[in-house]
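Participant: dropping the sequence and predicted coords here.
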Amino acid sequence: MRSGSFMRKTRALMGLDALRDLVSDSMAIDLGSASTIISVRGRGVVVDEPSVVAVSKTTGEIVAIGREAHTMQGREARDVTLVMPMVDGVVADFERSQRMLDHFVRKARSGISHFSRRAVMSVLSGVTHVEQRALMAAAEAAHIGRVYMVEEGLAAAIGAGVSVDEPKASAVVDIGGATTNVAIVALGMIVYAQAERVGSSDIDEAIMDRLRRHHGLIIGAPTAERLKIDLASAIEPKDPMRTMTVKGRDVQSGTPRAADVTSDEVCLAAQSVAQRIARVVQRGLAELSPEVAADIYDRGLMLTGGGALLDGMAAFLQSETRLSTHMAEDPRHAIVKGLYQLFDDPLLLRRVARNEPSLLLDADAGAFETYE
């Protein structure tokens, strides 16, 4: 009898473990102004899509989200408008941010899971209590059981390979779509962090502005982004006269027109934004203590974020700061990789989470369980 009872209990426990596995998608979420990236434990990055929604002007209903909405950019129907619910790294439109996040979380879940046990989500340095609450509410509305907030700078540092046991300070510059975040990290803690509202999307705006002023041509954001990828550089281009033909609308006549644009003039537009990013970094370095400054002099800067992929950005910042500058492996995913790694160190996650104390002191020991 005892043996049979023991076997029944064992099977019941195994059944509970199996059920828990069905609903325990542990997610790392980097909800940014330009892109949303989600990594699921055991599966890696499963969502990497633009943070944009297409909305019907007549009904207010969302008609497309993410990549599907992004493909409409510049060619959306007359009764459809594109909305970026996240602005400068914070929730600007709560309802649509919630719907967008819910959509991405649903895509990230395994096919038979309808509930996520926990998630670690990045937040900007200097985010207000109200802004953090809005992110938390959006995540909870997406049926995530428990949400932990971690500063982007620390997550980027961990994702870039900075050891949490390293006593000397490391400097990480995360260049996102709308913000640049400078973080100094030592012993798994942030020593200094500052986020400024300048990022790679500003380069697109600068390119559009230049073509309007110097060529009398109005182009859309997708064309500007293509010019940035193909021709832009933060330093002097290898071939300044390399040319692309771009099409748009004439400023004066309003009719369709084309113009030839050189790499040199696209770089001038990009470099004006790179200068602004360099000033953000220099202001941050000027506020460090002498000992931390000495560590950074020895170790240099680590670049993360999609903006770090701009050709010549590392070389440009090295020239401006006179510090060795390196780009992280897979810089776009550095933040979500760092968040993901925190699942392996629950004590560190408890220590660095920006949640309210009442949430961190929850008696549910399972909140920090790890799964292989």
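Facilitator: Right, received. Where do you want to start? Residues are numbered from 1 along each chain as shown.

Participant: I'd say Gly220 and Met72 touch.
Facilitator: No. Counting by CB atoms under 8 Å, Gly220 stays clear of Met72, with 11.3 Å between them. In this view, the C-beta of every residue, glycine as well, is placed from N, C-alpha and C.

Participant: quick check: neighbours shared by the two?
Facilitator: Common neighbours of Gly220 and Met72, counting by CB atoms under 8 Å, 6 or more residues apart in numbering, are absent.

Participant: so how far is stretch 119-137 from its chain's centroid?
Facilitator: Here stretch 119-137 is found 13 Å from its chain centre; the criterion is CA atoms, centre = their mean, to the nearest Å.

Participant: also stretch 183-194?
Facilitator: Worked out by CA atoms, centre = their mean, stretch 183-194 lies 18 Å from the chain centre.

Participant: what's the answer for stretch 40-53, then?
Facilitator: On CA atoms, centre = their mean, the centre of stretch 40-53 falls 11 Å from the chain's centre.

Participant: got the contact list for Lys107?
Facilitator: With CB under 8 Å, 6+ apart, Lys107 has these contacts: Val46, Val47.

Participant: past the helix or strand where it lies, which element shows up next along the chain?
Facilitator: Per DSSP states H and E: Lys107 is located in helix 94-108. Heading C-terminal from helix 94-108, the first helix or strand you meet, by DSSP H and E, is strand 118-123.

Participant: I'd like the distance between the closest residue in space to Ala270 that isn't next to it in sequence and Asp330.
Facilitator: Closest residue to Ala270 apart from its sequence neighbours, by CB to CB, 6 or more residues apart in numbering: Ala232 at 4.0 Å. From Ala232 across to Asp330, the span is 21 Å (CB to CB, to the nearest Å).

Participant: then Gly306?
Facilitator: 11 Å.

Participant: the more surrounded of those two?
Facilitator: Neighbour count, other CB atoms under 10 Å: between Gly306 and Asp330, Gly306 has more, with 21 against 13.

Participant: from what I can see the more buried one touches Gly176, true?
Facilitator: Yes. Gly306 lies in contact with Gly176 (CB under 8 Å); the separation is 6.6 Å.

Participant: list the residues that contact both of those two?
Facilitator: Ala34, Ser200.

Participant: the stretch 201-350 of the chain: strands as residue ranges?
Facilitator: Taking DSSP state E, counting those that start in this stretch, the strands of the stretch 201-350 of the chain run over residues 217-218, 243-250, 256-262, 301-304, 325-327.

Participant: in the protein, which segments are predicted with low confidence?
Facilitator: Scanning the chain for pLDDT under 70 picks out 1-25, 110-116, 356-372.

Participant: break it into its domains for me.
Facilitator: 23-155+334-368, 164-327 (automatic domain parsing).

Participant: I'd say Leu317 and Leu303 touch.
Facilitator: Yes. With contact defined as CB under 8 Å, Leu317 counts as touching Leu303 (7.1 Å).

Participant: give the residues shared as contacts by those two.
Facilitator: Val173, Thr325.

Participant: sorry, back to before: mind checking how far the residue nearest to Ala270 is from Glu152?
Facilitator: Distance from Ala232 to Glu152, by CB to CB: 24 Å.

Participant: one more: Val261?
Facilitator: Distance from Val261 to Glu152, by CB to CB: 34 Å.

Participant: what about the two, which has more around it?
Facilitator: Ranked by neighbour count (other CB under 10 Å), Val261 and Glu152 place Glu152 first, with 30 against 24.

Participant: and the angle for the helix of greatest length in the chain with strand 243-250?
Facilitator: Of all segments of type helix in the chain, defined using DSSP state H, the longest is helix 263-286. Relative orientation of helix 263-286 versus strand 243-250 (axes from the mean of the first three to the mean of the last three CA atoms, to 10 degrees): 90 degrees.

Participant: and helix 263-286 with strand 256-262, angle?
Facilitator: 70 degrees.

Participant: how far away from the center of its chain is stretch 261-274?
Facilitator: 24 Å.

Participant: likewise stretch 51-61?
Facilitator: 23 Å.

Participant: which ones are touching the nearest residue to Glu205 once chain neighbours are set aside?
Facilitator: Spatial nearest neighbour of Glu205, excluding adjacent residues (CB to CB, 6+ apart): Ala224 at 7.5 Å. Each residue near Ala224 by CB under 8 Å, 6+ apart is listed here: Asp204, Glu205, Ile207, Met208, Leu211.

Participant: between those, which sits nearest Gly248?
Facilitator: Nearest to Gly248 out of these is Leu211 (CB to CB; 7.3 Å).

Participant: ok, that closest one - how many residues close by?
Facilitator: Leu211 has 24 nearby residues by other CB under 10 Å.

Participant: same question, Ala195
Facilitator: 27.

Participant: identify each buried residue in the helix holding Lys107, please.
Facilitator: Arg96, Ser97, Gln98, Arg99, Met100, Leu101, Asp102, His103, Phe104, Val105, Ala108 (16 or more other CB atoms under 10 Å).

Participant: got these as TSV, with distance to Gly188 columns?
Facilitator: Formatted as TSV, the buried residues of helix 94-108 follow (distance: CB to CB, whole Å):
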residue	distance to Gly188
Arg96	35
Ser97	29
Gln98	31
Arg99	35
Met100	31
Leu101	27
Asp102	32
His103	33
Phe104	28
Val105	27
Ala108	27
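
Participant: how about the helices of this protein, start to end?
Facilitator: 2-22, 67-70, 94-108, 129-141, 152-159, 200-215, 221-231, 263-286, 290-299, 313-321, 334-341, 346-352, 357-360.
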